[in-house]
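Student: what would the 3D arrangement of this be:
(one chain, ligands or ions: 1)
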Amino acid sequence: MLVPATLLGGRSGGKWQILCGNVGYDAVMIYLDNNATTAMAPAVIEAMEPYLRGMYGNPSSTHPLGQQARQAVEEARYRVANLLGCGASEIVFTSGGTEADNAAICGVLLARPDKKAVITSSVEHSAVRETLHVWGKRGIRVIEIPVDRNGQLDMNRFSEALCDPDIAVASIMWANNETGVLFDIPEIAAICRQHSVPLHVDAVQAAGKIPLAIGGLPIDLLSISAHKFHGPKGVGALYVRRNTRWVPIITGGPQERDRRGGTENVPGIVGMGKAAELAHARVQNPRHDEHLRRLRDLFEDKILNSITDTHINGSRNGRLSNTSNIGFASIEAEAILLLLAQHEIYASAGAACSSGSLEPSPILRAMGVPDRIAHGSVRFSLSHENTEADINAAVDQLSDIIATLRETLPVV
Ligand SMILES: Cc1ncc(COP(=O)(O)O)c(C=O)c1O
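Tutor: Numbers count the residues shown, from 1 in each chain. Next up, the predicted model:
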């Protein structure tokens, strides 16, 4: 193991440069965990650097150092708005996707105290699920709409639930973090509008992967997070459509036009702006998505053809092109991940935050995936940096690992 090591991040020919002390190594690492987080793009690091060094002004200061920082924050806001297809004034910077989800849900519930119910899906990320759980304990009714075996939302149940006059907000994700399954947000937004129910969309996994163009859709609030699209960790954004009934949850100074108190994370916001600009160019280019889809389909076909009793969770159509959630029946996913990691192949079982527990993921449970498959389900999530060589190497290792585990550690 090359630890302690400083990852320099420059990738070439499937190898990563690792610096250990003064010695440089080329280590073969295959990173297939891009839904957990992504490598920061070199251009993002470059854009942030001046704001970590000399340009350290507070955007609220009126002197030139402060005003430089203010300008950088506003340029980043413009870039993020461009990625989403909305107005720059509708973007509020946050500390990440979790804060954006909390701010959206709590902010609408606090602004609409006369309404006592919320609609959500049964497969949301814990940032939404746990926030609603807390509101449930405070007397808010949480109506969970089920999904089918492919992870698709029951649209009849969703439409019926919207007829309840007590609904304050619907919170529905765009792309699922574990399976990559996409909900039909344009359709969902249209139905919410028909019922005059505000819609919050958790687009943390969708932003930077698919075109969003939300300006033309009746979405009221939407969350994104920079580290999911090659930006820095600890910075995100909440889109709040003009005239939405919503109140801020973080009070303090007048930053973010009184919508989120606290001195801005200037380097993080600058990095997010650069990452948004790069992501915008990628999602506009159909060849980017084709590349990912080709790799993902190759990966899935090879696995299905070479490893028996293997199942893809979530249908191939209507799914992010970068995500494969694969159930290897009768094995524990944790054992697979451990052996893959020994070969420097990195993936996840379920949400990163719930891995470490041997409970099957609540998302796969909600989809009705049987326990013998859910226990052995691994999420592989690609990025544009992955190559066909990565896929071939990962499949070869997986075939050996699954055969070994089924022989030595079978789980009934
Ligand atoms: C769908 C979804 N929502 C919210 C989050 C939370 O984002 P953050 O890590 O920026 O807090 C994640 C992170 O995995 C996610 O996948």
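
Student: just how off-centre is the helix or strand encompassing Glu144 within its chain?
Tutor: Applying DSSP states H and E as the criterion places Glu144 in strand 141-145. For strand 141-145, the separation from the chain centroid amounts to 22 Å (computed by CA atoms, centre = their mean, to the nearest Å).

Student: quick one: buried residues of it?
Tutor: Within strand 141-145, the residues that count as buried by 16 or more other CB atoms under 10 Å are 143-145. C-beta coordinates here come from the backbone N, C-alpha and C atoms, glycine included.

Student: likewise stretch 239-255?
Tutor: Using 16+ other CB under 10 Å as the test for burial, stretch 239-255 gives 239-241, 244, 246, 248-250, 255.

Student: reformat the buried residues of strand 141-145 as TSV; add distance to Arg316.
Tutor: Output for the buried residues of strand 141-145, formatted as TSV (distance: CB to CB, whole Å):
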residue	distance to Arg316
Ile143	30
Glu144	26
Ile145	23
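
Student: count of residues packed around Cys163?
Tutor: Per other CB atoms under 10 Å, the neighbour tally for Cys163 reads 9.

Student: excluding its backbone neighbours, what's nearest it?
Tutor: His195 (6.9 Å; CB to CB, 6 or more residues apart in numbering).

Student: state the phi and psi torsions of that neighbour.
Tutor: phi -100, psi 10 (degrees, to the nearest 10).

Student: neighbours of it, how many?
Tutor: Look at His195: counted by other CB under 10 Å, it has 15 neighbours.

Student: which residues touch it?
Tutor: 162-163, 167 (CB atoms under 8 Å, 6 or more residues apart in numbering).

Student: so Asn313 sits against Thr323, correct?
Tutor: No. Judged on CB atoms under 8 Å, Asn313 makes no contact with Thr323 at a distance of 9.9 Å.

Student: give me the common contacts of these two.
Tutor: Joint contacts of Asn313 and Thr323 (CB under 8 Å, 6+ apart) are Thr179.

Student: surely Met173 touches Leu199?
Tutor: No. Checked against CB under 8 Å, the pair Met173 and Leu199 is beyond contact range at 11.4 Å.

Student: what's the host helix or strand of Ile363 packed up against?
Tutor: Ile363 belongs to helix 362-366 when assigned by DSSP H and E. With contacts defined as 3 or more CB pairs under 8 Å, 6 or more residues apart in numbering; DSSP states H and E, helix 362-366 has these neighbours: helix 371-374.

Student: now what about the helix it packs on, what contacts it?
Tutor: 311, 313, 327, 329-330, 360-361, 364-365, 411-412.

Student: by pLDDT, give me the weakest of the residues you listed.
Tutor: Minimum pLDDT across these is recorded for Val412, with 61.

Student: quick revisit: just the closest of the buried residues of strand 141-145 to Asn317, please.
Tutor: Nearest to Asn317 out of these is Ile145 (CB to CB; 20.7 Å).

Student: just list the residues touching the closest one, thanks.
Tutor: For Ile145, the contact set (CB under 8 Å, 6+ apart) comprises 119-122, 153-154, 157-158, 161.

Student: same check on Thr94?
Tutor: Contacts for Thr94 (CB under 8 Å, 6+ apart) come out as 100, 103, 223, 235-238, 260.

Student: rerun at 7 Å
Tutor: 100, 103, 236-238, 260 (CB atoms under 7 Å, 6 or more residues apart in numbering).

Student: sitting in strands, which of these do you find?
Tutor: Residues of these located in strands (DSSP state E): 236-238.

Student: of these, which ones also sit close to the ligand?
Tutor: Gly236 (CB under 6 Å from any ligand atom).
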